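> only geometry, no sequence info:
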C-alpha cells in the first residue's frame, strides 16, 4: 500500500505455492489487520482529491471573476470611448450650427446693407422732384398695406423711374411686384420699363397700385 512518505509499504509477504482458499484467507486477514491504516489512507486520499478539486474550483472561480472584471473594464473603456465620441460629435454639430448662424447673420447683414445701398442709389437716380408744370406727371402709388406714395416726374422719365421711386420709398421686396392701373387695368411689367411716362399713357397724372407677384 502507499505510505505517507510516498513509498510503498509492505503489508504481507506470501511465499510458496498457496491454494486459492489459503490465498483468500491471507488477503482477508491482511485487510482486517490493516483496516485502520487502509481507512486512514483512503480518507487521506479522498481529502487530497477534495483539496485538489476545491483548489481547481477556487481557481476556476478566480479566473471567472478575473474575466468578469476584465469584461467590465473593457465595457467601461468602450463606454468612455462612446461617450467621448458622442460628446465630440455634439460639439462638432454645435460648432457647425454656430458657424452657420454666424454666417447667416453676416449674410443677412450684408444683404440688408446691399439693399439699403441699392434703395439709396435708386432714390438718388430719380434726381430732384420737379415742380408742377405741363411737362410734369403726377404719380400716385397705393401700396399693399393701403399706404399711398406720391411724386412728380418729368413725362420723359421712364416707367422704370416709377419702380425706382417705389423701391426707394417703401419696404417692398425689389423685383417682387408689378405696378398696374385699375381702370383700365394695365400691367406695367418688364416689357414697358423703357417707355416714357408719356409713351405709356401715364401723363399728365396716373394712379397706380402694387400687385405682388405670386
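Alright, I've got the coordinates. Computed from a prediction, not measured in an experiment: that's the story for all the values here.
> Give me the residues contacting stretch 112-121.
167, 168, 174 (CB atoms under 8 Å, 6 or more residues apart in numbering). (C-beta placed from N, C-alpha, C; glycine too.)
> Give the buried subset of those as a ChimeraX selection command.
Of these, the buried ones go into a single ChimeraX selection, burial set by 16 or more other CB atoms under 10 Å:
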select :167,168
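> Now flag whichever of the contacts of stretch 112-121 is closest to residue 212.
Among those, residue 174 lies closest to residue 212 (CB to CB), at 12.4 Å.
> Need the three-state assignment for the residue nearest the centre of the chain.
Nearest residue to the geometric centre of the chain (CA atoms, centre = their mean): residue 93, 6.1 Å. Assigned by DSSP: H, G, I helix; E, B strand; the rest coil, the conformation of residue 93 is helix.
> which residues does residue 167 contact?
Residues counted as contacts of residue 167 (CB under 8 Å, 6+ apart) are 118, 119, 122, 174.
> residues in contact with the third one?
When the contact criterion is CB under 8 Å, 6+ apart, the partners of residue 122 are 164, 165, 167, 168.
> State the pair within those residues that is farthest apart.
The largest separation in the contacts of residue 122, counting by CB to CB, is between 165 and 167 at 7.3 Å.
> Where do the strands of this structure begin and end?
Assigned by DSSP state E, the chain shows strands spanning 136-142, 148-154, 177-181, 186-188, 205-212.
> Mind putting the ones you listed into TSV with mean pLDDT and distance to residue 130?
Listed next are the strands of the chain as TSV, based on pLDDT from 0 to 100; distance: least, CB to CB, whole Å:
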stretch	mean pLDDT	distance to residue 130
strand 136-142	97	5
strand 148-154	96	5
strand 177-181	96	20
strand 186-188	96	21
strand 205-212	96	14
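> for those, which one sits closest to residue 89?
Set against residue 89 and scored by CB to CB, these come closest in strand 205-212, at 44.0 Å.
> ok, back up a step: which residue in the contacts of residue 167 has the weakest pLDDT?
The lowest pLDDT within these belongs to residue 174, with 89.
> give me phi/psi at that residue?
Main-chain torsions, residue 174, degrees, to the nearest 10: phi -60, psi 130.
> quick one on the thing from earlier: which one of the contacts of residue 122 sits closest to residue 111?
Distance to residue 111, by CB to CB, is smallest for residue 167 among the contacts of residue 122, at 14.8 Å.
> ranges for the helices of this structure?
Using DSSP state H, the helices of the chain run over 20-33, 35-126, 159-169.
> Pick the most buried one from those helices.
The highest average neighbour count among the helices of the chain, using mean count of other CB atoms under 10 Å, belongs to helix 159-169 at a mean of 21.
> could you give the angle of that one to helix 35-126?
Counting by axes from the mean of the first three to the mean of the last three CA atoms, to 10 degrees, helix 159-169 lies at 130 degrees to helix 35-126.
> and helix 159-169, average pLDDT?
95.
> Run a quick neighbour tally on residue 184.
By the criterion of other CB atoms under 10 Å, residue 184 has 6 neighbours.
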